[in-house]
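Asker: When you get a sec, could you give me coordinates for this:
(chains A and B)
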There are 2 protein chains.
Amino acid sequence: MATNKAWTLASRPTGPVTEQNFKLVESEAPRPMDGEVQVKNLWLSLDPYMRFRMDDVKSYAPSVQIGEVMVGQTAGEVVESKHPGFKAGDKVLAAGWQLYSCIKGDDLSKVPASAAPLSYYLGLLGMPGLTAYFGLKEIGVPKPGETVVVSAASGAVGGVVGQLAKIAGCRAVGIAGGKQKCDYVVKELGFDACVDYKAGNLYRDLREACPQRADVYFDNVGGEVLETMLKLMNLRSRIVVCGRIAERDEAYCHKNLGVLIGNRIKMQGMIVFDWKDRYGEGVQALAGYLAQGKLKYRESVVEGIENAPKGFIALLTGGNFGKQLVKLG
Amino acid sequence: MATNKAWTLASRPTGPVTEQNFKLVESEAPRPMDGEVQVKNLWLSLDPYMRFRMDDVKSYAPSVQIGEVMVGQTAGEVVESKHPGFKAGDKVLAAGWQLYSCIKGDDLSKVPASAAPLSYYLGLLGMPGLTAYFGLKEIGVPKPGETVVVSAASGAVGGVVGQLAKIAGCRAVGIAGGKQKCDYVVKELGFDACVDYKAGNLYRDLREACPQRADVYFDNVGGEVLETMLKLMNLRSRIVVCGRIAERDEAYCHKNLGVLIGNRIKMQGMIVFDWKDRYGEGVQALAGYLAQGKLKYRESVVEGIENAPKGFIALLTGGNFGKQLVKLG
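Answerer: Below you'll find the model as predicted:
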């Protein structure tokens, strides 16, 4: 009998998330019933949206309840299948901060046979990559010669946004925390510039990095960075509202919305699910760029399920670097 | 020799606008030079945007400078023309808080021969009506059965938005200040409901007036009303960001932008100039509805140029009712 280890929500954060908000529970790994599949998870993806699911507020997706397994996407291998669509050994995307998941086959998706490592399907070729791809293409709609700015630029979504902007013939400007991340964004990912939001001169530094100001701002953080970017948006520019991790503990007080009128700015919220029926197109495009060497990608790996909360807190506080994963296998 | 009277900007407001911010200047009416036209203004339009032009901030249009004639649209009659396109007696749209304007013919537009009174070309068939028409149609994109909410609903723009929403097969909900205005919006203009923002239960009353919540919010005011509406917007709803007169003295602190993501809300700023090449289409559509009795319209008239600042302050503080005009002729 396999033993499952699962992180549950122990308490809702009242300030910054701490390890005490989670509880590790051990139990026998559940066996599949008819129509279900048992998956041994090899990788767990950690993503900013999880923070908002820890709160008891109405949103597009239900909150995690106290005592429930923390929500999250995993990549793993089928151990036992009672669903005709899957067999032992299949590589799949499953769910939960846990070693074993027992999931209805209909809710499971198979990872296509590919040259890319399995973990990439939680990042570059998974939800973060697709978020970047569809958000930029469908809401940002960048035109050659325009300036595209993206926050959390060294992260799983932001790094792809900037590289896709370069592919689209734009000037790509990143915003990240610290010199090391900014160097990576410019030297490794090939952005034209990167502004360190921790350096204390956000507006001035952005103004300098964007001589033509900004036509697209892909916002992964909200807060002061969004507020500052509002002052830099051009006529008929677009803000892709994708994340607001800077507001995880408290909503920011935005006072610059007046510019929306004068500059006819479009601000539009997005969730990658909206393009579910086009994931195939997105994965194909991203895999193509990857194969051509046009997309660089970096993972930040925490070892062992025991360290999942630590990895998550690092992600929330900017302590990670690249796509945050937990290696379970 | 005709005598001109013109209101100039005497000082920039540091709090609420007062009559002391303006100065009435008398002089000989300027005579036209080659290519110019002298216009005797009969009506002056007062509009919320003028408030923002009194500030010394960069915007889509230049600020009025101290000592300059206040910006505004007028409707009047050509007295003397030195431009081949105009002759004495032509009805035109001109500019400035003044009795006589001397303007380059190329910057002047002729009012078409029509059954509608001249003053309508400053309101229902002018910029406010066109703002409602294009903003709702092109950014709001209302579908039959949807709920359209509009603030400043008894005003020159808002009243038209709600009536166009009804024509489009939508539920139209207004927001206005006081019972008298709300009664007018429902009983005269035919909205389905109207919420009095001064009654002290804005969220609760809006929630009740919008059983299916809101699919389009046409925002003429910003501030607390926008903040409250953000909580009522449906999945894939649209906010037409048209005005922010509630923030005339101080920017509001918006903390509800987080909903943009979960509900994939589009917020887009607009100025009617963006559809300059389609004004003909808009005027034709509005005049058609007017002739069919589908558009009701009300003017709030202040008599005499001396009273322009009083009328403007009434407009800013909600003391007017319908399209605010000054009768000059």
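Asker: Quick check: next helix or strand after the longest helix belonging to chain A?
Answerer: Across chain A, the longest stretch assigned as helix under DSSP state H is helix A:279-291. Per DSSP states H and E, the first helix or strand lying C-terminal to helix A:279-291 is strand A:299-303.
Asker: what's next to the next helix-or-strand element following that next one, contact-wise?
Answerer: Using DSSP H and E, the helix or strand that follows strand A:299-303 in sequence is helix A:308-316. Under the criterion C-beta atoms under 8 Å, 6 or more residues apart in numbering or on different chains, residues A:7, A:16-19, A:21-22, A:44, A:46-48, A:50-51, A:70, A:97, A:245, A:248, A:300, A:302, A:319-320, A:324-326 lie in contact with helix A:308-316. Bear in mind the C-beta positions are built from the backbone N, C-alpha and C, glycine included.
Asker: Quick one, which of those residues are buried?
Answerer: A:7, A:17, A:21-22, A:44, A:46-48, A:50-51, A:70, A:97, A:245, A:248, A:300, A:302, A:320, A:324-326 (16 or more other C-beta atoms under 10 Å in any protein chain shown).
Asker: So which of those residues are in strands?
Answerer: Counting by DSSP state E, these place A:7, A:22, A:44, A:300, A:302, A:324, A:325, A:326 in strands.
Asker: from the residues you listed, which is closest to residue B:131?
Answerer: residue A:324 (46.6 Å; C-beta to C-beta).
Asker: Would you mind confirming that the closest one makes contact with residue A:302?
Answerer: Yes. When contacts are counted by C-beta atoms under 8 Å, residue A:324 is listed as touching residue A:302 (7.5 Å).
Asker: Now do the shared contacts for the two.
Answerer: Taking C-beta under 8 Å, 6+ apart as the criterion, residue A:324 and residue A:302 both touch A:46, A:311, A:314.
Asker: pLDDT score assigned to the residue in the stretch 101-250 of chain A that chain B sits nearest to?
Answerer: Closest to chain B within the stretch 101-250 of chain A is residue A:241: 4.6 Å, counting by C-beta to the nearest C-beta. pLDDT recorded at residue A:241 is 98.
Asker: got it, and residue A:114?
Answerer: 77.
Asker: Residue A:202 now?
Answerer: At residue A:202, the pLDDT value in this model is 98.
Asker: And residue A:249, by the same measure?
Answerer: 88.
Asker: show me what contacts it?
Answerer: Contacts of residue A:249 (C-beta under 8 Å, 6+ apart): A:13, A:15, A:16.
Asker: Look up the closest residue to the residue minimising distance to the centre of chain A, ignoring the ones flanking it.
Answerer: The structure's chain A has its C-alpha centroid closest to residue A:128; by C-alpha atoms, centre = their mean the separation is 4.3 Å. Nearest residue to residue A:128, sequence neighbours excluded (C-beta to C-beta, 6 or more residues apart in numbering or on different chains): residue A:156, at 3.6 Å.
Asker: so residue A:264 makes contact with residue A:235?
Answerer: Yes. With contact defined as C-beta under 8 Å, residue A:264 reaches residue A:235; the gap is 6.3 Å.
Asker: Name the residue in these two with the higher neighbour count.
Answerer: Using other C-beta atoms under 10 Å in any protein chain shown as the criterion, residue A:264 and residue A:235 rank with residue A:264 on top: 21 against 12.
Asker: Which pLDDT does the model give that one?
Answerer: Residue A:264 carries a pLDDT value of 97.
Asker: And the pLDDT for the nearest residue to it once chain neighbours are set aside?
Answerer: If the residues on either side of it in the chain are set aside, residue A:264 comes closest to residue B:269, at 4.8 Å by C-beta to C-beta, 6+ apart. Here the pLDDT value assigned to residue B:269 is 98.
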